[in-house]
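> Please work out how this folds:
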Amino acid sequence: MNAEQRKKLEAAGFAIGDTQEFLNLSDEEMAYIEIKRALSQHLREKRKSKKLTQSQAAKLMHTSQSRFAKMEHAEKTVSIDLLVRANLALGATPGELKHAL
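Residues are numbered from 1 along each chain as shown. Next comes the predicted model:
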C-alpha cells in the first residue's frame with residue numbers, strides 16, 4: 001500500500017496494521033504460523049518440481065489427496081511434524097528445509 005492510499009484510509013477512520021496486530025498474536029505465535037506457511041509452500045513447490053499430482057504425492061505418504069491438500073494449505077489440523085515428514089517423503093533434504101525456513 002502506498003502512502004497516499006494509507007492516508008486516505010486513515011482519514012476515513014480505518015486502522016492500518018498487520019496480521020499480528022489484527023489477531024493479537026504474540027511473536028511466538030506469529031513465528032509458528034510463518035514456519036508452517038514456509039513448510040507448506042516448500043511442500044507444494046517440491047511436489048510441482050517433481051511433476052506430481054496431489055494424489056500421486058499423497059500415495060507416497062500413504063494418505064489421501066484431500067489430506068495432502070490440507071498440508072499444502074497449512075490447515076490448522078496439520079502439524080509442523082507432518083509437514084516436515086511430507087517434505088522429506090518427497091525428497092527434500094534437511095538443508096532444503098533449513099533454507100525454506
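
> got the contact list for the residue nearest the centre of the chain?
Residue closest to the average C-alpha location in the chain (CA atoms, centre = their mean): R37, at 1.9 Å. Contacts of R37 were listed using CB atoms under 8 Å, 6 or more residues apart in numbering, and they are A74. Bear in mind the C-beta positions are built from the backbone N, C-alpha and C, glycine included.

> So which bits of the helix or strand containing it are buried?
Secondary structure from DSSP states H and E places R37 in helix 27-49. By neighbour count with 16 or more other CB atoms under 10 Å, helix 27-49 contains the buried residues 35-36, 38-40, 42-47.

> And the closest residue to S55 other than its chain neighbours, how close does it get to S79?
Spatial nearest neighbour of S55, excluding adjacent residues (CB to CB, 6 or more residues apart in numbering): Q65 at 4.4 Å. Relative to S79, Q65 is positioned 19 Å away (CB to CB, to the nearest Å).

> what do you get for E28?
In terms of CB to CB, E28 sits 16 Å off from S79.

> By mean pLDDT, which helix or strand of the chain comes out lowest?
helix 19-23 (a mean of 85; mean pLDDT, DSSP states H and E).

> Using PDB, list the CA coordinates for that helix.
Taking C-alpha atoms only, helix 19-23 is exported to PDB below (Å, rounded to 0.1, in the frame of the first residue of the first chain):
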ATOM      1  CA  THR A  19      -1.900  -9.600  10.700                       C
ATOM      2  CA  GLN A  20      -0.100  -9.900  14.100                       C
ATOM      3  CA  GLU A  21      -1.800  -6.800  15.400                       C
ATOM      4  CA  PHE A  22      -5.200  -7.600  14.000                       C
ATOM      5  CA  LEU A  23      -5.200 -11.100  15.500                       C
END
